[in-house]
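Trainee: Provide a 3D model corresponding to the input given below.
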Amino acid sequence: MPMEILVKSQTHAHGLQPCINLSKRHKMCKPQYQKLLDPHFPRARPKDKVVVKVIVGELHSLKSQIYTRTIILHLDFKMSNNQTINQTIPKTDNRYLYVLNGTAYIGHLGHETETKAHHTLLLFEDGTSPDRIQAKDEEANFVYIATS
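Mentor: Prediction:
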């Protein structure tokens, strides 16, 4: 979103703007701003007390309205405490998780990596097993981003 629009706003806002490396043929394309409000993003509920907002891409047959020139998946997870999910993404994709609030635990039971609010975890594991993500003692809100 252009800075001029953000400056005019009288409300407190927060957001993420990941930079995507475009292919050579798209490097000099004209920017396209897309304005979607929160209600326009589809939500999946893979289990009780877990809500996944599909910002970009597709999940569980829910597809975002955001147009991109490259394949990207941007999911916003909100998990209550003591919840665990398994997110399957092709391991050939570059993946990372950024925790907005709370603490997320990523990895197999007994080998989890604790990731606290305002920290990023790069996911490099090879293979086909899903990324296991857990909220333990507190709620967790994080984004999961993958691109090929």
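
Trainee: and T115, what helix or strand is that in?
Mentor: Assigned by DSSP states H and E, T115 belongs to strand 113-116.

Trainee: can you list contacts of that strand?
Mentor: Contacts with strand 113-116, where a contact means CB atoms under 8 Å, 6 or more residues apart in numbering, come from L97, V99, T103, A104, Y105, I106, G107, L121, F142. C-beta here means a position set from N, CA and C on the backbone, and glycine is covered the same way.

Trainee: Give me the contact list for the following helix or strand past it.
Mentor: Going down the chain from strand 113-116, the next helix or strand is strand 120-123, by DSSP H and E. The contact list for strand 120-123 (CB under 8 Å, 6+ apart) reads R95, Y96, L97, Y98, V99, A104, I106, T113, T115, D131.

Trainee: quick one: average confidence on strand 120-123?
Mentor: Here strand 120-123 scores 86 as its mean pLDDT.

Trainee: Buried residues, that strand. List them.
Mentor: Neighbour counts using 16 or more other CB atoms under 10 Å place L121, L123 of strand 120-123 among the buried residues.

Trainee: before we move on, the earlier item: and of the contacts of strand 120-123, the nearest to N81?
Mentor: A104 (11.3 Å; CB to CB).

Trainee: Where does pLDDT dip in this structure?
Mentor: Within the chain, the segments meeting pLDDT under 70 span 1-14, 89-92, 125-130.

Trainee: What segments of this protein are strands?
Mentor: Applying DSSP state E to the chain gives strands spanning 43-47, 50-56, 58-59, 62-63, 72-79, 83-87, 94-101, 103-106, 113-116, 120-123, 131-135, 140-147.
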